[in-house]
Structures are given as structure tokens and as C-alpha cells.
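S.K.: Here you go, sequence then predicted model.
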Amino acid sequence: QVQLVESGGGLVQPGGSLRLSCTASGFTFNNYPMTWHRQTPGKERELVAAISTGGASTNYADSVKGRFTISRDNAKNTMYLQLNSLKPEDTAVYYCARGWHVFDYWGQGTQVTVSS
């Protein structure tokens, strides 16, 4: 069955960095675009970044452009999100999902907390 497992979240000070990972199984990873999303309590889930099947095309939300970098290693069935220059407003649960405009499978999420 399809599984997406996020890891790498944690507590970091403002200005710090984290790298999130999303490890996929149960499907041919390099056939699908992938995305990162985030959600805070009381708010709608926000699409943060997207990457094409081969990694050549990427998109970012304006709120993270220039600070976050999405990438993937198809040989390892893994997608990454490098978070730099973190701000308190980046605090959220981060999810990976399969798909570009329609998201049919989701991971369980990993908490990122930015606080001093």
C-alpha cells in the first residue's frame, strides 16, 4: 500500500534551519510529482512547495520563496524540504503529499516549532 512518512521536524530558534524528509513506498515514486504542505490549528492547510517527477520544476508559496528548497532523490524514494531562515510564523505541522494539483495520499505530518 502507498505510504508516505515524514521526518526531521523539531524545535528550532528563529533564523535556524531544518531539513524535512518524506520517504515513500508502495508506488513508483519517480512517476509522481510531490508536494509539501503545512497547517496550523484553526487555519486551512497551505501548499508550501511542489516538485515535478524528475525534479526539474519546482514551485513555492510566496511566504517561503527564497528560504525553503524542495528537492527529491528518486533513487532513495525520498523528497526533502530544506527550511532556512525560519520564522515563528513557520511553526506548523508539515505534510508531504503525492500529486501536484490533486493530492491522493498524505503522510502523517511532522511538527516544526520555531521559538526562542
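M.R.: Everything's here; your move. Just so it is clear, the structure is predicted and the values come from calculations on it, not from any experiment.
S.K.: In contact with the most centrally placed residue in the chain, which residues?
M.R.: In the chain, the C-alpha nearest the mean C-alpha coordinate belongs to residue 36, at 3.1 Å (CA atoms, centre = their mean). With contacts defined as CB atoms under 8 Å, 6 or more residues apart in numbering, residue 36 is in contact with 20, 22, 47-50, 70, 79, 81, 94-97. Just so you know, the C-beta spots here come from the backbone N, C-alpha and C atoms, and that holds for glycine as well.
S.K.: Show me what counts as buried in the helix or strand containing it.
M.R.: Residue 36 is part of strand 34-39, with elements assigned from DSSP states H and E. Neighbour-count burial for strand 34-39, counted by 16 or more other CB atoms under 10 Å, picks out 34, 35, 36, 37, 38.
S.K.: sorry, back to before: of the contacts of residue 36, which is the most crowded?
M.R.: In terms of neighbours by other CB atoms under 10 Å, the contacts of residue 36 top out with residue 96 at 30 neighbours.
S.K.: And the pLDDT at the residue nearest to that residue when sequence neighbours are not counted?
M.R.: Computed as CB to CB, 6 or more residues apart in numbering, the closest residue to residue 96 that is not its neighbour in sequence is residue 22, at 3.4 Å. As predicted, residue 22 sits at a pLDDT of 98.
S.K.: Would you check that residue 22 makes contact with residue 94?
M.R.: No: here residue 22 lies out of contact with residue 94, judged by CB atoms under 8 Å, at a distance of 9.1 Å.
S.K.: who touches both of the two?
M.R.: 6, 36, 81.
S.K.: on contacts alone, who are the packing partners of the helix or strand hosting the first one?
M.R.: In this case it means residue 6. Assigned by DSSP H and E, residue 6 falls within strand 3-7. Here strand 3-7 touches strand 18-25, strand 92-98, going by 3 or more CB pairs under 8 Å, 6 or more residues apart in numbering; DSSP states H and E.
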